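S.K.: need coordinates for the below:
(3 chains)
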Amino acid sequence: MTVKLKPLFNFDNLPTPELIGNGLTGKDILSVEQFDQDKLKYVFARAHEMRELVERVGHCDLLAGKVASCLFYEPSTRTSASFIAAMERLGGSVIPITQGVQFSSVSKGETLADTIRTLEQYSDVIVLRHPEIGSAQVAADYSRVPVINAGDGAGEHPTQALLDLFTIREELGRIDGLKIAMVGDLRYGRTVHSLTRLLTQYDVSLRFVSPEILRLPLTIMNHVIDAGLDVRETHDVADVIKNADVLYVTRVQKERFTDLAQYEEVKDHYVITPEIMTQAKEKMIVMHPLPRVGEIHYTVDHDPRAAYFRQVKNGMYIRMALLAAVLGRA
Amino acid sequence: MTVKLKPLFNFDNLPTPELIGNGLTGKDILSVEQFDQDKLKYVFARAHEMRELVERVGHCDLLAGKVASCLFYEPSTRTSASFIAAMERLGGSVIPITQGVQFSSVSKGETLADTIRTLEQYSDVIVLRHPEIGSAQVAADYSRVPVINAGDGAGEHPTQALLDLFTIREELGRIDGLKIAMVGDLRYGRTVHSLTRLLTQYDVSLRFVSPEILRLPLTIMNHVIDAGLDVRETHDVADVIKNADVLYVTRVQKERFTDLAQYEEVKDHYVITPEIMTQAKEKMIVMHPLPRVGEIHYTVDHDPRAAYFRQVKNGMYIRMALLAAVLGRA
Amino acid sequence: MTVKLKPLFNFDNLPTPELIGNGLTGKDILSVEQFDQDKLKYVFARAHEMRELVERVGHCDLLAGKVASCLFYEPSTRTSASFIAAMERLGGSVIPITQGVQFSSVSKGETLADTIRTLEQYSDVIVLRHPEIGSAQVAADYSRVPVINAGDGAGEHPTQALLDLFTIREELGRIDGLKIAMVGDLRYGRTVHSLTRLLTQYDVSLRFVSPEILRLPLTIMNHVIDAGLDVRETHDVADVIKNADVLYVTRVQKERFTDLAQYEEVKDHYVITPEIMTQAKEKMIVMHPLPRVGEIHYTVDHDPRAAYFRQVKNGMYIRMALLAAVLGRA
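M.R.: Below is the predicted model of the structure:
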């Protein structure tokens, strides 16, 4: 069964790809625990280069011909759009599977493992969002191409934590020596937990501002204390606003309260208004993982210290850096 | 926190981009009211070049590296596919957010303004479809990148009106001097309203053919009269078929009638059949914004005067021209 | 209405595209019946080249600037992702319409014919998945660009049959002389029917293993007998495991049985376990169209004879070959 055709492609003299020794090539990105200071420095330096690239030129062809599967079992416009933009600005392509996964193979009873081993055949990297904790690890166990965890339920969302830390570094020029206040729902806020874990690698002061029932979980608090950091807890953002270099705000959800009177009583202590911003330092930043629903007033947006939309853009740079790194091109 | 890496990119000797003085670069496309004769000529000339490009070569790299967010809060396969194709044929990329927006950030209560300011971080241009009138203006107020209105409810759908007018020009070689008949639901038909507004800039005769309860709104009729155009209203397409250079057909929906007997009585007066086409001029065109449901018989499709699918293709050319223009590349 | 602009494009000295005489250029891919031995050899040779391309380089620009509409009226992550990856690895672009078609134009009553004639304006090729038998033929009748049938209900799914046959050839180096066993639901299994039809062009032995109520339909069995092939039917995979070169497994669905006791009694006869694999030849392959739900144990995946994920990848190569062929580039 041979057939003589003029070959479409010439494979002579293929250049040997020069893989860059970044310690991330071919690796999965599953947890912030993977990132020590060296890796953080590396990723942040690359992300800063990506920022320069986008600001000056817009795009490059570093990942030309590379294909990323974006497999989102739950919708997240912000995160999926960020990964798609990151891939496209690096010259790569995307297989977007961001809706309706539940109606397809999966509903026919296919396991996550089989879905991953299918997409692995088509893609150079898989970006996975899944509602179940541990799902990203399962995917990584089965995939021979790198898996990037874009959020696995109550588990991890490492690229969010990296973009948060990168934002502090880009905005304030350093991380060591800063006073960082986390505000709002510190009990269930996945982004707060991951960012806090990353910050224990630095010499920072931490302030945790929350209602009593939404205080930081014990395990994370002990982790902070073990790291020897200066740490305090409080119930009112007014207690920390004067000295904070970073105000990291998250939403206090009404649904967390069984006693609504209690919610009504405390809720205003966690809202950022132009008035409270008058007490803040001149050089500091307000961050938020977004979406927000009233916990930062819209009038604060005009304040140059409002960094949350620049934070969004930093997410694209971090994802560009990580995609290039795991694919051996940065 | 410095780390010494071999730089990925070389930013020396970047060429200075030569922005083209088209009056549209960096601008939003929100309404047909933005387009005077000079701008129309400009856009149509560029769209004609896009047509030549696609017919001869298929594509180019004018927008290589540019990223468009296509944010569709209501489904519109025709319009979203047209913008995606336009972007891709110019060498650009798309972040498609055409489904499930309602399940994502938005359902978490995020405002349109915040969604726009998020996508602005990732994209060079935002194409927005939204069910609420005025939403495109809101988006434009918040976005620093150009917003193109792809339909905001009962409001505007400017690219549709431009493609309609462009189709007349491409098919008949001119606009001045033509007899143009609008047929069907003239009361609620957004496309009819926008096209009529654009046509008041030209020296045309207008004929409005509709059931009594679906006559052109007073404000638009007065606008036409103020422009000094030759205009008549009638209840039957048979009254205009002989002299029309353009027959612009829209659907008469049963739901508009409270008295169904009345609907049954008049509906056939607005249906285009091969029989009625025998009375039309040899050189004229039948247009329709699509989708159609019976108001143009399928047997009319074989008539060379049936221009509605060529009209669809012109939509891609107009959108290519506009995307290139607002991005400063045409 | 002329306007003098510096032209964007220069169309002088355009190279004349050299269409390759493969007998597929410009053609629709609707049914396996289109493929005689010569065409199969051609497609498989090209698909093998695509495999080399992807393994060595990952991608090429053979279809740069080409746009494929992927119109999926029912979700199929595996198939749509495969076509998207195929197009992207050839340097082309995709208009993905893989969800919500039912909420869009279609729900406004538009016919498939009109939807196709709309997408034809934007695209160089249309990939269609539709739940109704015969829909791909309808689409092809109306489209002037090639239509590739990605499954039309109980009808055909030709690219699946081609990738199945290609897998046998790639894995075992030949097709003639092989003993091929089809296992499971042979009555309703569309993939079994199409692959069987293709195999009648070769000198193979066929074994059909199914419960009584899921036996191969009469018409296909007669087709096999007419082709003069060595053929046997049996109720237990144990009867064929020792001599099979290929074990093509499909699912026996509980829902097919009116008598559940009967289902419980026979179901284990069609499950592939590590134990039964000990009886199989050393050089043979297990295939499955996927998704699977228990009919092949997960522990079999580690067996080098388990070819079903390589089969998935072959699907991408076959689709790359077909896309390049119908677009005149291979």
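
S.K.: flag the shaky bits of chain A, pLDDT-wise.
M.R.: A:1-4, A:15-21, A:99-109 (pLDDT under 70).

S.K.: where does it get nearest to chain C, which residue?
M.R.: As assessed by C-beta to the nearest C-beta, chain C sits closest to A:G65 within chain A, at 3.1 Å. Quick note: C-beta positions are derived from backbone N, CA and C, even for glycine.

S.K.: and A:R305, what does it touch?
M.R.: A:M277, A:A280, A:K283, A:M284, A:I285, A:V286 (C-beta atoms under 8 Å, 6 or more residues apart in numbering or on different chains).

S.K.: thinking again about what came up before, skip the chain neighbours and tell me the closest residue to the residue of chain A closest to chain C.
M.R.: Once flanking residues are discounted, A:G65 sits nearest to C:H59: 3.1 Å by C-beta to C-beta, 6 or more residues apart in numbering or on different chains.

S.K.: report how many residues lie close to A:G177.
M.R.: For A:G177, the neighbour count with other C-beta atoms under 10 Å in any protein chain shown is 11.

S.K.: hmm, I was thinking of A:P274
M.R.: Neighbour count for A:P274, taken as other C-beta under 10 Å: 12.

S.K.: same question for A:A306.
M.R.: 19.

S.K.: swap in A:K313?
M.R.: 21.

S.K.: on the three-state scheme, it is what?
M.R.: With DSSP: H, G, I helix; E, B strand; the rest coil as the basis, A:K313 sits in helix.

S.K.: any idea whether the residue in the stretch 1-150 of chain A that chain B sits nearest to is helix, strand or coil?
M.R.: Of all residues in the stretch 1-150 of chain A, A:H59 sits closest to chain B, at 3.1 Å by C-beta to the nearest C-beta. A:H59 carries the three-state label coil when classified by three-state DSSP.

S.K.: quick one: the helices in the stretch 101-250 of chain A, in order.
M.R.: Along the stretch 101-250 of chain A, the segments classed as helices by DSSP state H, counting those that start in this stretch run A:112-122, A:135-142, A:158-172, A:190-199, A:218-226.

S.K.: nearest to C:A307, of the ones you listed?
M.R.: Nearest to C:A307, of all those, is helix A:112-122, at 12.0 Å by C-beta to C-beta.

S.K.: between helix A:135-142 and that closest one, find me the angle.
M.R.: 60 degrees (axes from the mean of the first three to the mean of the last three C-alpha atoms, to 10 degrees).

S.K.: now for A:Q37: which residues touch it?
M.R.: A:Q37 is in contact with A:Q201, counting by C-beta under 8 Å, 6+ apart.

S.K.: dihedrals phi and psi, it?
M.R.: In terms of degrees, to the nearest 10, the main-chain angles of A:Q37 are phi -60, psi -40.

S.K.: quick check: it vs A:A47, distance?
M.R.: Applying C-beta to C-beta, to the nearest Å, the value for A:Q37 to A:A47 is 15 Å.

S.K.: can you list the domain ranges for chain A.
M.R.: Following automatic domain parsing, chain A resolves into domains at A:32-156+A:314-326, A:159-253+A:262-312.

S.K.: any idea which of those is most buried?
M.R.: Most buried of the domains of chain A, by mean neighbour count (mean count of other C-beta atoms under 10 Å in any protein chain shown): domain A:32-156+A:314-326, with a mean of 22.

S.K.: any idea how far apart the tips of that domain sit?
M.R.: 15 Å (C-alpha to C-alpha, to the nearest Å).

S.K.: indicate which one of the helices of the stretch 101-250 of chain A is closest to A:A307.
M.R.: Set against A:A307 and scored by C-beta to C-beta, those come closest in helix A:158-172, at 5.5 Å.

S.K.: and that closest one, is it in reach of chain B?
M.R.: Yes - applying C-beta under 8 Å from any C-beta of the partner chain, one finds helix A:158-172 touching chain B at A:R169.

S.K.: distance from the chain centre to that helix, please.
M.R.: 8 Å (C-alpha atoms, centre = their mean, to the nearest Å).

S.K.: ok, now how distant is A:M284 from chain B?
M.R.: According to C-beta to the nearest C-beta, to the nearest Å, A:M284 and chain B sit 19 Å apart.

S.K.: isn't that residue right up against A:V246?
M.R.: Yes - between A:M284 and A:V246 there is a contact under C-beta atoms under 8 Å: 6.7 Å.

S.K.: who touches stretch A:173-181?
M.R.: Applying C-beta under 8 Å, 6+ apart, the external contacts of stretch A:173-181 come out as A:165, A:168-169, A:172, A:199, A:202-209, A:237, A:240-241, A:243-248, B:1.
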